[in-house]
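K.L.:
With the sequence up front, the predicted model follows.
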Number of protein chains: 2
Amino acid sequence: MSITAQYIVQQLTQSKQAQIKTQGTAYAPVNIALIKYWGKRNSELNLPITDSLSVGLKTLGTHTSIALCDGQDHITLNGTLLAAEHPFSQRTSRYLDLFRTVPSMGFVVDTKNDVPTGAGLASSASGYAALVLALDDLFNWQLDKTQLSVLARIGSGSASRSLWDGFVHWHAGEQDDGMDSHAIPLTQTLPDLRIGLLTLSAKTKPVSSRSGMKQTVEGLSLYPAWKNMVDTHLTQMLPAIEQADIAQIGQIAEHNALAMHATMMSAYPALCYWLPETLATLQTIWAAREAGLACWATLDAGANVKLIFAQQAQSEVEALFPKVQIVQPFS
Amino acid sequence: MSITAQYIVQQLTQSKQAQIKTQGTAYAPVNIALIKYWGKRNSELNLPITDSLSVGLKTLGTHTSIALCDGQDHITLNGTLLAAEHPFSQRTSRYLDLFRTVPSMGFVVDTKNDVPTGAGLASSASGYAALVLALDDLFNWQLDKTQLSVLARIGSGSASRSLWDGFVHWHAGEQDDGMDSHAIPLTQTLPDLRIGLLTLSAKTKPVSSRSGMKQTVEGLSLYPAWKNMVDTHLTQMLPAIEQADIAQIGQIAEHNALAMHATMMSAYPALCYWLPETLATLQTIWAAREAGLACWATLDAGANVKLIFAQQAQSEVEALFPKVQIVQPFS
């Protein structure tokens, strides 16, 4: 019998029933994966096939408050109360089902993203992390963060990494129940690191990451070679972070991201999140790099490009991409 | 000791010395690989890691005449006599070195391509096939076509397939000397098949296929999964051709081509032959296919897109791409 998400939630929260507060509130940052999460070994629990590693964007993320009500959930996203049939409401309510201690329990959720929803800026990562933190606050469970990482992962895989700022390593784990599949923050900081966001499209992506992964992992594709690549990238990335080597970090991250998109493109039908502008932007970066600019790119399952560079390259990056939004993950 | 190209040429031609003609002439068609050749096990002999399979474009190809002279070669490409330092002359003369029976022997080569040189339309395939056929004519060797396929392969891997019209299967072979690595034509014809050429760029590609292959095969990339994919595609493609199933042929060919580009994109630095227009064209095809158009795409190591469809879809394809150049490989 397979282990259900409901069982995991009960295991973690059952013995923690305490004085419920009138409201729980939380904030969680977006994270940008430098080594991507792509492919699940268990899709109910979002257990990944490989480890992944990210950096939090600190000042960009999701603010969420949650309270109890009777009956139906009321879900407000970025100031708009959503209909119950809205895909965002449906997915959120389905997740909240795991936490209702009586069937009539409803939730009033108010959530606000600093980034466009569904455009490959990983708003579901910060979203589920903030929701879990808010639930912990509301129910007063006082779970530790690795346990909250397990709960967030059940909402959205990459949310497991959004419980912390800075570099975060999500260990794939081996257990069937996934209790060892959670993130752990790294202690290293890298104040010179800059992440540049280029929003080429704020439209919701046509294929969710969830079904995109399924398509690339299950059909005939180049995915079988992905796991080894991630293993190699991880063994290169950890010392690169240790040594504060931004060039090496950028190089590995770009290689890893493009290989993830390559696994999608090698499925049939091909899964391609890119727009022609995405490719044009990558070619601009590659040409600038040939000319000496120390800047690398990463892309999640979407059309937008994120830049990785050091503080020293900032003015050149801004000259090349006047609309870039620059984040300092460590200050 | 590794087997040299010189040794292979001697083995095949030494006993064939006959009355030399004053001129040899030949024509060979361009071929479009439906299952791509990507990756070598021996780069001097152009021995491939996998089989590949193509269709010849019959009326598009290379016309070559060759004669002997004293001293330096004289190489004319598309009506222009090239300087000895021109990359095309250098590569051609280096190949012709294999066939000089005395060091002072020079060649006068006049070659004319029906397609732009170096833009991913495989002019080197028809070029080396025509050159080998012209040499066979000049020297009057009367080699059989599988032997000529071996000689053409030494000039350019995919040239091994340009000795015939129609569907051609290049068997990778296993021998160190590559004498079993040559193409064999299939007997099936498919008069309804159409190939549409979309020339998005006639510029010479920035990275030759030769060095592109090396970069993707030798570094960390998704290439390790490519061989299995080709094996699967080949076992699907042969019955699809047998059954004259153009939809199945198109589907396998598109999957295979995009996976080849995916292997390139998964190298570091990424190798990307596409232009933004290439991606826009693919997305146009995918959208049209969603809407019911039976048309598939393939791309070689270049920015241009080739369409695969049946005669019945021709008017719709022309409406979608007014500049398309349509070839009938079997009529």
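P.N.:
Yep, that arrived. Numbers count the residues shown, from 1 in each chain, chains lettered A, B, ... in the order given.
K.L.:
hey, which helix or strand in chain A has the poorest pLDDT?
P.N.:
Sorting the helices and strands of chain A by mean pLDDT, DSSP states H and E puts helix A:209-218 at the bottom, at a mean of 81.
K.L.:
How far does it sit from its chain's centre?
P.N.:
Distance of helix A:209-218 from its chain centroid, counting by CA atoms, centre = their mean, to the nearest Å, is 16 Å.
K.L.:
Now do that helix: everything it contacts.
P.N.:
A:38-40, A:43, A:49, A:207, A:223, A:263-264, A:266-267, A:271, A:273, A:300-301 (CB atoms under 8 Å, 6 or more residues apart in numbering or on different chains). C-betas here are computed from N, CA, C, even on glycine.
K.L.:
got a winner among the residues you listed for most neighbours?
P.N.:
With neighbours taken as other CB atoms under 10 Å in any protein chain shown, the top of those is A:S266, carrying 31 neighbours.
K.L.:
So, low pLDDT: which residues of the stretch 201-331 of chain A?
P.N.:
A:202, A:204-206 (pLDDT under 70).
K.L.:
So for A:W296, what's the nearest residue that isn't a sequence neighbour?
P.N.:
Excluding its sequence neighbours, the residue lying closest to A:W296 (CB to CB, 6 or more residues apart in numbering or on different chains) is A:G250, at 3.0 Å.
K.L.:
Name the helix or strand for the one you found, please.
P.N.:
Element membership for A:G250 (DSSP states H and E) is helix A:246-265.
K.L.:
tilt between that helix and helix B:246-265?
P.N.:
On the basis of axes from the mean of the first three to the mean of the last three CA atoms, to 10 degrees, helix A:246-265 is oriented at 170 degrees to helix B:246-265.
K.L.:
continuing past helix A:246-265, what's the next helix or strand?
P.N.:
helix A:276-290.
K.L.:
can you give me how far the following helix or strand past that following helix is from the chain middle?
P.N.:
Downstream of helix A:276-290, the first helix or strand assigned by DSSP H and E is strand A:295-298. Relative to its parent chain, strand A:295-298 has a centroid offset of 18 Å by CA atoms, centre = their mean.
K.L.:
Pull out the buried positions in the least confident helix or strand of chain A.
P.N.:
For helix A:209-218, the neighbour count (16 or more other CB atoms under 10 Å in any protein chain shown) marks A:209, A:212-217 as buried.
K.L.:
can you check stretch A:254-266 too?
P.N.:
Buried residues in stretch A:254-266 (16+ other CB under 10 Å): A:254-266.
K.L.:
related to what we said a few turns ago, which of the buried residues of helix A:209-218 lies closest to chain B?
P.N.:
Closest approach between the buried residues of helix A:209-218 and chain B, by CB to the nearest CB: A:T216, at 10.2 Å.
K.L.:
List the residues that contact the residue nearest to A:W296.
P.N.:
Contact analysis of A:G250 by CB under 8 Å, 6+ apart lists A:294-296, A:308-309.
K.L.:
wait, is A:L234 part of a strand?
P.N.:
No. Counting by DSSP: H, G, I helix; E, B strand; the rest coil, A:L234 falls outside a strand, being helix.
K.L.:
Any idea how many residues pack against A:T4?
P.N.:
By other CB under 10 Å, the burial measure for A:T4, its neighbour count, is 13.
K.L.:
can you give me the mean pLDDT across the longest strand belonging to chain A?
P.N.:
Taking DSSP state E as the criterion, chain A has its longest strand at strand A:52-70. For strand A:52-70, mean pLDDT rounds to 96.
K.L.:
Now the element after that strand, going C-ward?
P.N.:
Next along the chain from strand A:52-70, counting by DSSP H and E, comes strand A:74-77.
K.L.:
for the following helix or strand past that following strand, the distance to its chain's centre please.
P.N.:
As assigned by DSSP H and E, the chain's next helix or strand after strand A:74-77 is strand A:80-81. Centre-to-centre, strand A:80-81 and its host chain are 24 Å apart (CA atoms, centre = their mean).
K.L.:
ok so, going back, let me know the closest of the contacts of helix A:209-218 to B:E318.
P.N.:
Checking the contacts of helix A:209-218 against B:E318 with CB to CB, the nearest one is A:L271 at 28.6 Å.
K.L.:
Pretty sure the closest one sits against A:V207.
P.N.:
Yes. Between A:L271 and A:V207 a contact is recorded at 6.1 Å, counting by CB atoms under 8 Å.
K.L.:
mind giving me the domain ranges of chain A?
P.N.:
The record's domain parsing of chain A by automatic domain parsing lists A:5-185, A:193-327.
K.L.:
possible to save these as JSON lines with distance to B:V108?
P.N.:
Below are those laid out as JSON lines (distance: least, CB to CB, whole Å):
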{"stretch": "domain A:5-185", "distance to B:V108": "56"}
{"stretch": "domain A:193-327", "distance to B:V108": "40"}
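K.L.:
List just the one of those domains that sits closest to B:L282.
P.N.:
domain A:193-327 (7.3 Å).
K.L.:
gap between that closest one and the chain center?
P.N.:
So, by CA atoms, centre = their mean, the centroid of domain A:193-327 is 14 Å from its chain's centroid.
K.L.:
cool, and stretch A:128-147?
P.N.:
17 Å.
K.L.:
before we move on, back to that, near chain B, from the contacts of helix A:209-218?
P.N.:
With CB under 8 Å from any CB of the partner chain as the criterion, these include A:223, A:263, A:266 near chain B.
K.L.:
and the gap between the second one and A:A240?
P.N.:
Between A:T263 and A:A240 the distance, using CB to CB, to the nearest Å, works out to 23 Å.
K.L.:
Quick check: the gap between the residue lying farthest from the centre of chain A and chain B.
P.N.:
The outermost residue of chain A relative to its centre, with distances by CA atoms, centre = their mean, is A:A291 at 32.3 Å. A:A291 sits 14 Å away from chain B, going by CB to the nearest CB, to the nearest Å.
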